[in-house]
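Colleague: following is a predicted model, sequence given first.
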Amino acid sequence: QFEGVHDDFVAQGGENEGLGGSEGASADDGATGGDGTESTGGGGDDASGGGGGGGGGGNDNGNAGNGDTTGVTADTITIGIHAPLTGAAPLKQESFATGKDLYWQYGNGGKPVEIHGRTVETVFADDQYRPSTARQVCQTMAEEQQAFALIGAGGTDQIQACAQYAASEDVPYLSTGVTETGMGSLDTYFAASMTYKQQTPMLADYIKNELGVTDASKVAAVVTNTPNFDDAVEGFTGSFDGVDVFRPDKNERGSSAAGNLCTGTVKNYDVVFVLTSPTFYLEMAAASGCRPQFVGVGVSMGIDQVASTGCSAAGSTEGARFFNPTPAFADAGEYDPDFLAAVDAAGIEADDVTWMMWGQSKVLHQMLEQAGEALDRGAFMDAVAGQKFSTGVFPDLNYSDGPFGATQVSVLRNVCDGGGHYETDFAFVNGF
Amino acid sequence: MATATMVLTRVKVQRRFGLALRVTVVLALLVLAALPLLLGGDVWAQRISRAAIYAVIGLSINTLTGHAGQISLGHQAFVGIGAFAAAFMASRLGAPLGFGLAAAGVAGAFTAVVIGLVALRVTGLYLALVTLAFGLTAETTIFNWREFTGGGAGAFAPRPAVLASDHAFALLCLGVLGLVLYLDWRIVSTKTGRALAAVRNNERIASTLGVNVTGYKLAAFSLSGLIAGLAGGLFAHWNQIVQAMDFEFQVALVWVLMTVVGGLRSRLGVILASAFFALLPLTLPNFLSSLPWQPPFLNEAVYHVLPPFIVVVMLLVVLRFFPGGFGQLLRPATDWLAGKRKQ
Amino acid sequence: MKRRQLLKVEGLMLRFGGLQVLNDLSLSVREGQIVGLIGPNGAGKTSCFNCLTGIYQPQGGRVFFDGRDVSHLPTHRRARLGMARTWQNLGVIDALTVTENVMLAQHQRAGYSALAGMLGLAGTWHRERELRRDAAEIIEYFGLEAVADERTGELPYGVRKTCDMAMALASDPKMLLLDEPASGLSPEEALGLADTLRELRDRLKLTILMIEHHVPLVAEVCDYVYVLNFGELLTEGEPAAIQRHPEVIAAYLGGTAEPTEPPEWPLQPEGAPHGTA
Amino acid sequence: MGAFLALGLFQGAVYGLLAVGIVLVYKAKRVFNFAQGEFGGVAAFTAFAIVVGAGLPYWVGVVGGLAAAVAMGLIVERVIVRPLESSSRTIMLVALVGVALFTIAIIVLLGQPIPRVMPPLISGGGVNILGAGILPQQLILMAVLAVLAAAMAWFFKTDMGLAVLASSQDTRAAQVVGISPVAVSRLVWGMAALLGGIAGLLYAPVGIFTPGFMTLTMLVPAFAAAVLGGMTSLPGAFIGGLAIGVVQNLGIYYLGQQLKVPGAAELGVFALLMLVLLIRPQGLLGKEA
Amino acid sequence: MALLEVENLRAGYGSVPVLHGVSLNVEEGSNAVLLGLNGAGKSTTLMTLAGLLPATGGEIRYDGKPLTGSPGARVRAGIVLVPEGRLVFPALTVKQNLRLGAWTIRRDARRVRRNLQEVYQIFPRLEERADQTAGTLSGGEQQMLAIGRGMMSSPRLLLIDEASLGLSPKLTEQVFAAVKLINQRGVTVLMVEQNAGVLAQADTAFVMQQGRVTITGSGSETLADDVVRAAYLGV
Ligand SMILES: Nc1ncnc2c1ncn2[C@@H]1O[C@H](COP(=O)(O)OP(=O)(O)OP(=O)(O)O)[C@@H](O)[C@H]1O
Ligand SMILES: Nc1ncnc2c1ncn2[C@@H]1O[C@H](COP(=O)(O)OP(=O)(O)OP(=O)(O)O)[C@@H](O)[C@H]1O
Ligand SMILES: [Mg+2]
Ligand SMILES: [Mg+2]
């Protein structure tokens, strides 16, 4: 079943490579603008790219602008990114420092990407893994630092808070790893990956079919107590009836949950689904005397830093599997050689965060391209809604039915050998 | 005789001139302070609101610690309860803002009185510990109570249409700050202030002078809680989303240090210090990144660590060199403005 | 002429752990009298004051003030009935100025509620001005106007002592309880105190109960004296008689008493530890 | 249930270790040392830098970590405690809170706020105690706590310990008999820092650690442990620590798991603290000195 | 040669000078008394001698050599102060208090034991109360403890500040008797007193006035001086 999906992907990969090639070509031409847009549209020959053709059409129609050109000048577009660098899910600062501009500066065959004659600049803010801080920094980026659009790089509650703000001020917002709660109605919001509600039934199938655990009493879910994860829990328990669910608080310590996992003779879970902050997960993993199989969905669990920390804690996260929007960084070259080329050109030390941001930027690039030369926020939203995008790094996106356009995930496995990182088990699958 | 008259007139003229000068200076300072609000756009309006809210919090701590001499290391709990109460009123019950703020104040006051009842039995260092433990418990228990606070996602506190603009909201915050300032001023200049001074210094002496020590302590707790809750309500609507982690117990520590740095019982000092620490995390990153030379190991991640770092450095300097805080540093200027002269 | 009893104490019992500080102590003070309370260190004099004012809760006995049983009233309520006291180790608030201290002492007669003051209701401003004027008057009476705006903590001991006395008066009391008012004063100052006390009694119709070790002052000014020893009443009477009382000489005055049996260490602590009350 | 009990007991060992340091400072100085946790933080991060960062042998890390903690203790004594000796205890407390926040800020500035893993003294799987996997490191921790609590109790019986007690009661009198209050002060803070450092070094390898890991989650339970034990009693700190750990985990089990009360661990500690302070303020084994 | 020679000693608190040039000599083995009104600077003198206050001028010679150094060093040299207000360690037992008195010689266990025996001999009361906390002792007992603690480090010069403060006349007599005994065992004593009784047994008396020694004489001479009697002894 999976093989087929994989084959499917490889077929698409050809298309993706074609896309990369066409970009390269456009760079060679030194001509952007209409031609560049058409290269996306070029995928329209394939079934999956049909929407792209439509997009091309939309572009021709000219998108309905609203005159809000905040962040857009004659030759630049400013993008704001927020992510936790501190708090319970701290990501490495350097990864963002190097990653946020990599695509925009080197994504065009080692040269800066141009979109209708404009280059892209980025601003970045630490949201401290707190929704309220996220809202503040999003306001600052959108209003003071004049970001045209915002990107949420991780953290569901923060993404929700920032998206709410963005919607109230009509600022385009793109993110990965999300809840559906309260997001479907936000008309400036676009998800770049599957939602948790979409992923968790898949995860349940994965546990049953791939890990071979069908006894619900051997499965536990540890999911942070936020309403934004309720849909994830529902999705999971809906497909896996009878699993034990623990809902620790957002600021609870992981060691307090360890007692749940290894209650000796009474209960010993084989598989534990975690949807919490990385520090909680790592602590829980380190403090539990037993070694269950950790699985999950969500961006921050899948990052290599978590894997490597988990591995040094007595190998406690060895073998954990996580659904991720992108394939593993370790295999980046296989899915987008341009990435490695850009990294070389930039002369930086890349990691999986850089890789994620690369993919997100790539998605945004296509969106901006689609919006046309007369860029404003209205035109952007208009151009994205109802369109399809395909990058080969992120899953293919189809926004014809609303803001949740993804249907594929990749499965990463925590490998402790050689420092602790993730490897790709499956790339771009639709189910198990 | 004639010379005497002349001297007198000159003194009078000088006095009058001095008064005019002082009024001018005060007005100029106020205008200067208002400039960001007028010219700074929404972002600065939000910052001014935040500064005002912090100042209200500082004055709330000042009421309890400065006037009544009761230490609280869990003040963030009172503010947080106010914030969640306001958010609850606004988002769950759809109540008008006024009710929300009232509920916030009442919730803060109620919680503070409960802690105040404990404070009657334990003193000094133990009270510090109790309030700290309470703050921690509030953070993890009350603020994570999902029905009330929305769990990890936080609670939303939308603003009513009239106050939807950040400028209007800033004016509301400044208004509340003005009100609290007035209260504080009246406290110190009436018997209440003197009674609290006695309670703070020597409870036995206070009681033999007819001061109801228990009553005044509880009153100080409830007033402080009321103001803190009110500040919390404003905070909720300021950010429009409130979350348990906004009220971590470290926040209370920073607030206490901030108030001490400002100078206990110095209104101006407390306001300045509070405003400073309110704006620091918002303005520091952009300020630092605009510097021509970037200090080493400064990165995005440390920006939110820097404020406590700075507050502590200031605290240690203050404690060692001018224990009266900003207030003491500003004393000559404020004395001049108030028209006091040295004998 | 028999005047009415303003203060009456019956069977006061006070224990701290195993230490019997006051044992069945009874005494009374008539209106307009100056009464002395003397006795060796640690006899329980200050503790007695603490029981009268409600600082200590005695295990037994009752206190009547102004015809009312105040045994169970908290300290501030007794103060409001008109009991004012000074402290052996001073009852001024060091952090406040002399004026502020005196105005603090006016607390109970401020005439407005704390809430009204806080809100700045109309009457309070006027009343504050009046209080300030009264305070200035009292300060002038005690000759403190030169230091009115200085913090008491920075003043010499004698001046602070005077401020303490001014505060006791500022509360407009019926009765003054003075704990060693002459200690720390020079001989002349101590004698001046005698005049002040008489004037207070005669002009302001105050009743005074005074603890004092300065025997000449007690002899000079007191109408009646109680002698306390080990928490019990040793004797009572006119000052002149007391000074001749052999047991008082033996237990307290010392000096001229002929040597009695070989000295024995007392079983109960003699000296009060530092900082009592 | 059994697992929670065991986890609580061993979690409590850390509280106990911190509480021993807190009690030491309180006995000697009548001060609540809010910086006690960060002595451990400094030791752990220094040791981490030496062992993992620089790749030097483990014992170098241990020595370096403890040295860093003691150095911090002496600096705190010289720069904060001594100049503030004459100010109120509340001010001192606020200053020590400041020290803790300051240290955390420094650690974040120098390192990053990311979680780290310190290798344990003895690696290897956990021992099953009542169904909970208890790491060898935690067993060591428990043993060290017992030894240190006993050693500190013994210390206060020695002349040196008496001198420490004496100068806490009356500095002037201590000087009169020839004790140097400054030397005593240094000794106390050095020892407290050493105790804190040991706690940090032993606890960091249990799970992961982040800046402020000793202060943010452990200090309040440790204080509760000290208060429960009577604030001045070293056996009390030992028992109090274990008791708080157990109460915390029973709280998680009963309140959190059964009744779904959020923040059950903190609630349990707070409730116990209030109970002690309101009903038996002198704690379990408390007496003066 | 005098054991203690003080010449023109100046000292004070902060910037406030209290001693304006104190000069006095105390012979080895003698029993000297320092008199003066409240605030004359008697306690200040003793504290400066014990090293608790820095001297701002003048010279102290002890055993012929200039005396400087920390309080601890002076205790080791044999100068021990029995401070005003007793200053025992209230929460420690009598025995622990005495043990701390021997702080500077704590390594010489035999001497500590011998001194303890001696103190118990002079003050049998302390042996009875050995395990009682000092804070619960009576004032007189505390005064004995303070003196006994001073004896524990085998002093050569004992500085006693108002031993009779707060004691009844009977207690005062007993304490003075003990001091006499100590003096007879060869310890030089300089005591501050306001009690006339002590003058009779004193070898030397100094009268202090506003930070200076204004009268020096033998004990009995001074006692006979009417001016001194009236002004300083309140007799
Ligand atoms: N709060 C207390 N706790 C324990 N004992 C106390 C307390 N207050 C007083 N005492 C004891 O009670 C006794 C009487 O003390 P009190 O202060 O009343 O004496 P006094 O007669 O005022 O002596 P003085 O003349 O020295 O002031 C003393 O032995 C003292 O130690
Ligand atoms: N700690 C201090 N700080 C400032 N001044 C002080 C201090 N101690 C004493 N003084 C002042 O120094 C002067 C001398 O004090 P000292 O204690 O030496 O007097 P004394 O002769 O021992 O008097 P007494 O008989 O009262 O004990 C006094 O004026 C006193 O006010
Ligand atoms: Mg007394
Ligand atoms: Mg003296």
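Modeller: Noted; the coordinates are in hand. Ligands and ions are numbered 1, 2, ... in the order given.

Colleague: residue in chain D nearest to chain B?
Modeller: Closest approach between chain D and chain B, counting by Cβ to the nearest Cβ: D:G263, at 2.8 Å. C-beta: built from backbone N, CA, C; applies to glycine.

Colleague: chain A contacts on the stretch 51-200 of chain D?
Modeller: D:108, D:112-117, D:119-120, D:123, D:125-126, D:128, D:130-135 (Cβ under 8 Å from any Cβ of the partner chain).

Colleague: out of those, which are buried?
Modeller: Neighbour-count burial within those applies to D:108, D:112-117, D:119-120, D:126, D:128, D:131-135; the criterion is 16 or more other Cβ atoms under 10 Å in any protein chain shown.

Colleague: between the residues you listed, which sits nearest ligand 3?
Modeller: Closest to ligand 3 out of those is D:V108 (55.7 Å), distances taken as Cβ to the ion.

Colleague: the helix or strand containing that closest one close to chain B?
Modeller: D:V108 belongs to helix D:89-110 when elements are defined using DSSP states H and E. Yes - legend: contact between helix D:89-110 and chain B by Cβ under 8 Å from any Cβ is shown at D:89-91, D:93-95, D:97-99, D:101-102, D:104-106, D:108-110.

Colleague: give the other helices and strands that the longest helix seen in chain C contacts.
Modeller: Counting by DSSP state H, the longest helix found in chain C is helix C:122-141. Judged by 3 or more Cβ pairs under 8 Å, 6 or more residues apart in numbering or on different chains; DSSP states H and E, helix C:122-141 is in contact with helix C:98-105, helix C:114-119, helix C:157-170.

Colleague: quick one, helices of chain C?
Modeller: Under DSSP H, chain C gives helices at C:45-53, C:75-81, C:98-105, C:114-119, C:122-141, C:157-170, C:187-204, C:215-221, C:239-244, C:246-248.

Colleague: please state the offset of the fourth one from the chain centre?
Modeller: The one in question is helix C:114-119. The chain centre lies 32 Å from the centre of helix C:114-119; the measure is Cα atoms, centre = their mean, to the nearest Å.

Colleague: may I have that helix as PDB, with CA atoms only?
Modeller: Provided in PDB are the C-alpha atoms of helix C:114-119 (Å, rounded to 0.1, in the frame of the first residue of the first chain):
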ATOM      1  CA  ALA C 114     -10.200  55.500  55.700                       C
ATOM      2  CA  LEU C 115     -12.300  55.100  52.600                       C
ATOM      3  CA  ALA C 116     -13.500  58.600  52.600                       C
ATOM      4  CA  GLY C 117      -9.900  59.800  53.000                       C
ATOM      5  CA  MET C 118      -8.800  57.600  50.100                       C
ATOM      6  CA  LEU C 119     -11.500  58.900  47.800                       C
END
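
Colleague: quick one: contacts of that helix?
Modeller: B:183, B:186-187, B:190-192, B:195, B:216, B:219, C:110, C:123-124, C:128 (Cβ atoms under 8 Å, 6 or more residues apart in numbering or on different chains).

Colleague: can you list the buried residues in the helix or strand hosting D:L275?
Modeller: Taking DSSP H and E as the criterion, D:L275 maps to helix D:264-279. Judged by neighbour count using 16+ other Cβ under 10 Å, the buried positions of helix D:264-279 are D:264-270, D:272-274, D:276-277.

Colleague: possible to save the residues you listed as TSV with distance to A:G418 and pLDDT?
Modeller: Output for the buried residues of helix D:264-279, formatted as TSV (distance: Cβ to Cβ, whole Å; pLDDT from 0 to 100):
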residue	distance to A:G418	pLDDT
D:A264	40	84
D:A265	37	85
D:E266	40	87
D:L267	44	89
D:G268	43	89
D:V269	42	90
D:F270	46	92
D:L272	47	91
D:L273	47	90
D:M274	51	90
D:V276	51	88
D:L277	53	86
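
Colleague: of the residues you listed, which is the nearest to C:L217?
Modeller: Set against C:L217, the nearest of the buried residues of helix D:264-279 by Cβ to Cβ is D:L277 (46.8 Å).

Colleague: hang on, that closest one packs against B:Y126?
Modeller: Yes - contact between D:L277 and B:Y126 holds when scored by Cβ atoms under 8 Å: they sit 6.2 Å apart.

Colleague: quick one: classify D:P83 as helix, strand or coil.
Modeller: coil (DSSP: H, G, I helix; E, B strand; the rest coil).

Colleague: spit out the contact partners of it.
Modeller: Residues in contact with D:P83 (Cβ under 8 Å, 6+ apart) are B:319-320.

Colleague: any idea how far the closest residue to A:A161 other than its chain neighbours lies from A:N228?
Modeller: Excluding the flanking residues, the one nearest A:A161 by Cβ to Cβ, 6 or more residues apart in numbering or on different chains is A:P131, at 3.7 Å. Distance check for A:P131 against A:N228: by Cβ to Cβ, to the nearest Å, it reads 9 Å.

Colleague: which one's more surrounded, these two?
Modeller: Taking neighbours as other Cβ atoms under 10 Å in any protein chain shown, A:P131 and A:N228 compare with A:P131 leading, 34 against 25.

Colleague: so what's the more buried one up against?
Modeller: A:P131 touches A:157-158, A:160-161, B:153-154, B:241, B:243, counting by Cβ under 8 Å, 6+ apart.

Colleague: remind me which residues of the chain are low pLDDT?
Modeller: All of this is about chain A. Where chain A drops to pLDDT under 70, the residues are A:1-64, A:177, A:263-267.

Colleague: you answered for a different chain; I wanted chain C.
Modeller: Ranges of chain C meeting pLDDT under 70: C:1-2, C:41, C:184-189, C:252-277.

Colleague: now the helices for the stretch 1-150 of chain B?
Modeller: Taking DSSP state H, counting those that start in this stretch to define them, one finds helices in the stretch 1-150 of chain B at B:2-39, B:41-61, B:75-87, B:97-119, B:124-140, B:146-149.

Colleague: give me the element the residue positioned nearest the centre of chain D is part of.
Modeller: Nearest to the geometric centre of chain D sits D:L18, at 1.5 Å (Cα atoms, centre = their mean). Element membership of D:L18, judged by DSSP H and E, is helix D:2-29.

Colleague: any bit of that helix sitting next to chain A?
Modeller: Yes - judged by Cβ under 8 Å from any Cβ, helix D:2-29 comes into contact with chain A through D:2-4, D:7, D:11.

Colleague: could you confirm whether that helix reaches chain E?
Modeller: No - using Cβ under 8 Å from any Cβ, helix D:2-29 stays clear of chain E, coming no nearer than 10.2 Å.

Colleague: got the angle for that helix vs helix D:264-279?
Modeller: Angular relation of helix D:2-29 and helix D:264-279 on a 0 to 180 degree scale: 50 degrees, by axes from the mean of the first three to the mean of the last three Cα atoms, to 10 degrees.

Colleague: right, and the helix or strand after the helix or strand of chain B with the lowest mean pLDDT?
Modeller: Using mean pLDDT, DSSP states H and E, helix B:300-303 stands out as the lowest-scoring helix or strand of chain B, at a mean of 64. Beyond helix B:300-303 on the C-terminal side, the first helix or strand identified by DSSP H and E is helix B:306-321.

Colleague: contacting residues around that following helix?
Modeller: Contact with helix B:306-321 is made by B:250, B:253-254, B:257-258, B:260-261, B:263, B:277, B:280-281, B:284, B:325-326, D:79-80, D:83-84, D:87, D:91, D:94-95, D:98-99, D:101-102, D:104-106, D:109, as judged by Cβ under 8 Å, 6+ apart.

Colleague: with that, I have no additional questions.
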